[in-house]
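Undergrad: the sequence and its predicted three-dimensional model are supplied below.
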Amino acid sequence: MAQTKATGFAERNLAMLVDFYELTMANGYFENGRANQIVYFDMFFRKIPNGGGFAIMAGVEQLVRYLENLKFDEEDIQFLREKKLFSEGFLKFLRDFKFSCDVWAIPEGTPIFPFEPVLTVRGPIVQAQLIETMLLLTINHQSLIATKANRMVRAAQGREVIEFGSRRAHGYDAAVYGARAAYIGGCRATSCTIAGREFGIPVMGTMAHSWVQLFDSELEAFRTYAREYPHNCLLLVDTYNTLKTGIPNAIRVFNEEILPRGARPVGIRIDSGDITYLSKKARKMLDEAGFPDCKITASNALDEYIIREMILHGAQVDNFGVGERLITAASDPVFGGVYKLAAVERNGEIIPRIKVSDNVSKITNPCFKKPWRLFDRETGKAIADVITLRDEIIDDIKPYVIFDPDHIWKRKTVENFIARELQVQLFSGGRRVCQLPDIHSIRSYCEQQVNTLWDEVLRFENPHKYYVDLSQPLWDEKQRLLSENSI
């Protein structure tokens with residue numbers, strides 16, 4: 001297996017990719033003697049894209065690489081000095097900056113749910129605050145694309161999905177890391193060559209319409225390509241007329257150029273028209289010509305809904321090439337992860353903090369916490385997630401009572417289950433303590449973990465709500481803080 005490597009992308013100094021208020025706050029903390037106060041932050045999200053039943057965690061490796069390389073150089077310091085807002089003491093602090101936080105995160109490829117801490121940071125306030133923007137954009141972007149990709153892969157019902165979206169991505173980083181996230185979510189390959197080089201993702205691609213148009217005839221274009229790539233011949237058949245010329249010319253070239261070279265054709269691609277109808281006709285023509293093994297690939301602004309409809313109506317498509325609607329998550333292009341203070345340390349004591357709002361969904365869960373997932377011991381299916389105080393242990397030898405934190409009369413006693421902590425530690429005192437799995441292991445893990453969810457949670461429309469509950473001690477602490485902060 002190809003291993004993910006630290007690359008030019010990962011080695012860039014991105015310390016200044018911060019919202020400016022993170023720097024003004026950091027300077028204020030420093031000048032008021034609070035720079036080294038220990039705090040606890042959680043990242044969580046409030047809403048699953050597309051009204052789905054779950055999201056997919058992604059982007060952890062890139063966050064690790066960023067934190068490992070976090071430093072401010074002289075160009076950064078000079079830029080900030082010119083703003084005339086920051087003290088020289090603070091600028092020296094940044095020049096000598098060394099990351100020293102503890103970080104925990106849910107592993108990439110894991111299904112995640114609203115309001116649970118997918119990532120927790122403990123460390124000096126200045127450091128914990130300065131990483132907010134990069135932390136959020138890294139996890140938000142890749143989790144969004146991995147989630148969208150997984151929806152498309154599930155819609156394809158076992159047919160391969162290939163990521164084709166680089167040219168529609170919102171910038172080159174979005175293309176590269178979007179391809180990575182799409183692979184984690186279940187895509188078979190990508191057309192983004194640099195993503196293949198950087199991460200070991202399989203790359204695929206054959207020809208565009210321009211290849212066919214360049215030659216004096218479609219037949220000549222197909223024949224030339226087949227001679228060049230007899231063992232990897234997939235022909236784009238819709239440049240002129242799919243059924244009248246494209247497929248007949250492809251079949252002729254398969255017989256005259258591919259078979260004599262001891263090869264078999266890989267397939268054809270249809271990129272326009274009524275692809276469901278055309279694929280049925282194409283399948284019949286290819287089968288009758290002696291090419292039942294010739295695959296049909298469909299592309300052209302596909303998403304999970306179109307793929308599902310095509311299959312429902314009998315499309316004879318073996319592979320789907322998905323581009324713009326995947327790489328931009330077009331139907332719901334924001335993953336609303338947030339980063340909130342949950343506790344502070346004073347004289348070694350952890351003191352919880354809560355954000356209160358008239359908007360109930362914006363009330364935070366306080367305290368230093370950890371999320372758990374409970375699995376049915378017989379079926380292996382996920383029952384619910386539970387957020388506990390950090391020092392709590394869920395003993396899965398004994399019955400355990402879970403309850404809806406918003407409707408506490410809804411209670412259930414869980415028995416015969418396995419409790420698993422979801423977060424793993426990435427950094428201890430600023431030193432990386434985790435191993436980074438290769439991308440293929442992450443992809444396999446994602447598939448396995450999605451399969452632990454009930455079919456009702458996997459539905460696209462009106463999925464069953466998967467419960468994320470609070471332990472009784474955490475719920476009690478939250479209610480205490482709400483009472484103290486009520487007006």
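TA: Done, it's in.
Undergrad: what's the local residue count around R432?
TA: 16 (other C-beta atoms under 10 Å). Where you see a C-beta, it was placed from the backbone N, CA and C, and this is true even at glycine.
Undergrad: residues in contact with it?
TA: Counting by C-beta atoms under 8 Å, 6 or more residues apart in numbering, R432 touches V64, L67, E68, L426.
Undergrad: which of those count as buried?
TA: By neighbour count, with 16 or more other C-beta atoms under 10 Å, the contacts of R432 hold V64, L67, L426 as buried.
Undergrad: want to throw these into CSV with distance to P230 and pLDDT?
TA: Below are these laid out as CSV (distance: C-beta to C-beta, whole Å; pLDDT from 0 to 100):
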residue, distance to P230, pLDDT
V64, 43, 97
L67, 48, 96
L426, 48, 98
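Undergrad: before we move on, back to that, okay, and which of the contacts of R432 map to helices?
TA: Cross-referencing the contacts of R432 against helices under DSSP state H gives V64, L67, E68.
Undergrad: relative to A26, which of these is nearest.
TA: Closest approach to A26 among the ones in helices among the contacts of R432 (C-beta to C-beta): L67, at 16.3 Å.
Undergrad: need the contact list for that closest one.
TA: So L67 contacts F99, C101, V103, I131, L426, F427, R432 (C-beta under 8 Å, 6+ apart).
Undergrad: so what's A155 closest to, chain neighbours aside?
TA: Nearest residue to A155, sequence neighbours excluded (C-beta to C-beta, 6 or more residues apart in numbering): E304, at 3.9 Å.
Undergrad: list phi and psi for that neighbour.
TA: In terms of degrees, to the nearest 10, the main-chain angles of E304 are phi -60, psi -30.
Undergrad: measure it to I275 for me?
TA: Taking C-beta to C-beta, to the nearest Å as the measure, E304 falls 15 Å from I275.
Undergrad: cool, F72 as well?
TA: For F72 relative to I275 (C-beta to C-beta), the value is 52 Å.
Undergrad: neighbour-wise, which of the two wins?
TA: Higher neighbour count among F72 and I275: I275, with 25 against 19, using other C-beta under 10 Å.
Undergrad: list the contacts of the closest residue to V237 other than its chain neighbours.
TA: Excluding its sequence neighbours, the residue lying closest to V237 (C-beta to C-beta, 6+ apart) is G246, at 3.1 Å. Applying C-beta under 8 Å, 6+ apart, we find G246 in contact with E218, L235, L236, V237, D238, T239, Y240, I268.
Undergrad: now do A105
TA: Contacts of A105 by C-beta under 8 Å, 6+ apart are M57, V60, L63, V118, L119, T120, Q423, V424, L426.
Undergrad: from those residues, which ones fall inside strands?
TA: Among the contacts of A105, the subset assigned to strands under DSSP state E consists of L119, T120, V424, L426.
Undergrad: so the first one is in contact with P107, correct?
TA: What that stands for is L119. No - judged on C-beta atoms under 8 Å, L119 makes no contact with P107 at a distance of 10.9 Å.
Undergrad: between the two, who's got more neighbours?
TA: Legend: neighbour count by other C-beta under 10 Å for L119 and P107, higher for L119 (23 against 18).
Undergrad: and the residue sitting nearest the centre point of the chain, how far from G185?
TA: Geometric centre of the chain, nearest residue: S143, 2.6 Å, by C-alpha atoms, centre = their mean. Distance from S143 to G185, counting by C-beta to C-beta: 10 Å.
Undergrad: quick check: neighbours shared by the two?
TA: In contact with both S143 and G185: I56, A58, using C-beta under 8 Å, 6+ apart.
Undergrad: check contacts around V457.
TA: G53, F54, P463, H464, Y466.
Undergrad: how near is C294 to I162?
TA: According to C-beta to C-beta, C294 stands 17 Å off from I162.
Undergrad: and the pLDDT at F9?
TA: Model confidence at F9, given as pLDDT, is 51.
Undergrad: and D358, by the same measure?
TA: The model's pLDDT for D358 equals 88.
Undergrad: which strand is the longest one in this structure?
TA: Longest strand of the chain, by residue count under DSSP E: strand 337-346.
Undergrad: what's the following helix or strand after the helix or strand where Q448 lies?
TA: Per DSSP states H and E: Q448 is located in helix 439-450. For helix 439-450, the succeeding helix or strand toward the C-terminus, using DSSP H and E, is helix 455-458.
Undergrad: just the buried residues of that next one, please?
TA: V457, L458.
Undergrad: reformat the contacts of A105 as CSV; add distance to G321.
TA: Converted to CSV, those look like this (distance: C-beta to C-beta, whole Å):
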residue, distance to G321
M57, 26
V60, 28
L63, 30
V118, 31
L119, 33
T120, 38
Q423, 36
V424, 35
L426, 35
